[in-house]
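Colleague: dropping the sequence and predicted coords here.
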Amino acid sequence: MKVEQDTLLNLELEKASHIIRIQGVKEERNEDLINLIGPALAKILEMDVNVFKNEIDEIYRVATRVTKNEGLPREIHIKLVKKVIRDQILIKTSKQHLLIKQQKVTVLKDVPWKIREKRKDYMCLVKKLRENSIDFRWLMPEGLQFNFQGTRHKINSVLKAEEFLKRFGQALGLQDKLVSDDSEHEGGKKDLNLEACIETKNIEISIQQKGKREIQGESERELRSTKKDRVKNGK
């Protein structure tokens, strides 16, 4: 069973390694996503537009929980033929903004849902690293790596995350004593104590199964519709 799960996860990771997500592009009726996005990405890559379009395997809209709840445009997902093209796009857009119709949009890598769920278990630690301006990078399939007090730390299990917080929690700003609900710290901000912070990961709210099925179903319908349109148009 474990082997099968790992195999499926590796397949999802391989698929995700070819996909970029673009957020913030206004939706229009009968939009032509390839001609809308293609020229902007070709420009940032300094490639011929037609050459770049041949690097696009699939392009489609995807509704996420955030876009639904916030009433935002659905994300645009682009599956590229070559992983190296995806990597080049991520590098370029990390240094300069991608503009679509003169509007700045956000470009992100795709991360499988199962991995995003695993990362929730580390958010207590991530929160404190960010508050202390400590750079880190996510590990696959789970965990994170960072430098702290002159030592590189590789945290690849929840147990290691808990042990790290117990050892260095105070240095990161966590309290070692319980804090009452009505107590506040300087600046009027409430903080988590160590015990509460570690416990939080166990009760974090995950996506409801019904909502997840609806999102997956809509994404599949959108993809099938896009493929039909491409076949109809001879693409």
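Modeller: Right, received. Where do you want to start?

Colleague: only C-alpha atoms for contact and neighbour calcs from this point on.
Modeller: Will do.

Colleague: which residues of this structure fall in strands?
Modeller: Along the chain, counting by DSSP state E, strands occupy 19-23, 56-62, 75-80, 98-100, 103-109, 136-138, 144-148, 151-155.

Colleague: could you give me the average pLDDT of the second one?
Modeller: So that's strand 56-62. For strand 56-62, mean pLDDT rounds to 95.

Colleague: mind listing what's buried along it?
Modeller: 56, 58, 59, 60, 61, 62 (16 or more other Cα atoms under 10 Å).

Colleague: likewise the last one?
Modeller: Neighbour-count burial for strand 151-155 flags 154, 155 (criterion: 16+ other Cα under 10 Å).

Colleague: before we move on, the earlier item: between the strands of the chain, which gets the lowest average pLDDT?
Modeller: strand 136-138 (a mean of 88).

Colleague: I'd like to know which elements that strand is packed against.
Modeller: Strand 136-138 is packed against strand 144-148, with contacts defined by 3 or more Cα pairs under 8 Å, 6 or more residues apart in numbering; DSSP states H and E.

Colleague: what lines up beside the strand it packs on in the sheet?
Modeller: Counting by DSSP bridges, the strands paired with strand 144-148 are strand 136-138 (antiparallel), strand 151-155 (antiparallel).

Colleague: let's have those in a markdown table, adding distance to residue 95.
Modeller: Converted to a markdown table, the strands paired with strand 144-148 look like this (distance: least, Cα to Cα, whole Å):
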| stretch | distance to residue 95 |
| --- | --- |
| strand 136-138 | 18 |
| strand 151-155 | 26 |
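
Colleague: so which of those gets nearest residue 120?
Modeller: Closest approach to residue 120 among the strands paired with strand 144-148 (Cα to Cα): strand 136-138, 11.9 Å.

Colleague: centre of the chain to that closest one, how far?
Modeller: Its chain's C-alpha centre and that of strand 136-138 lie 12 Å apart, by Cα atoms, centre = their mean, to the nearest Å.

Colleague: begin at 40 from now on, thanks
Modeller: In the new count, where the first residue is 40, that last one comes out as strand 175-177.

Colleague: for the spatially most central residue of the chain, give me its contacts.
Modeller: By Cα atoms, centre = their mean, the chain has its centre lying nearest to residue 150, at 5.3 Å. By Cα atoms under 8 Å, 6 or more residues apart in numbering, the contact set of residue 150 is 52, 55.

Colleague: give me that answer again for 7 Å
Modeller: By Cα atoms under 7 Å, 6 or more residues apart in numbering, residue 150 lies in contact with residue 55.

Colleague: what does residue 98 give?
Modeller: By Cα under 7 Å, 6+ apart, the contact set of residue 98 is 72, 73, 116, 117, 118.

Colleague: ok, of those residues, which one's closest to residue 162?
Modeller: Closest to residue 162 out of the contacts of residue 98 is residue 116 (25.6 Å), distances taken as Cα to Cα.
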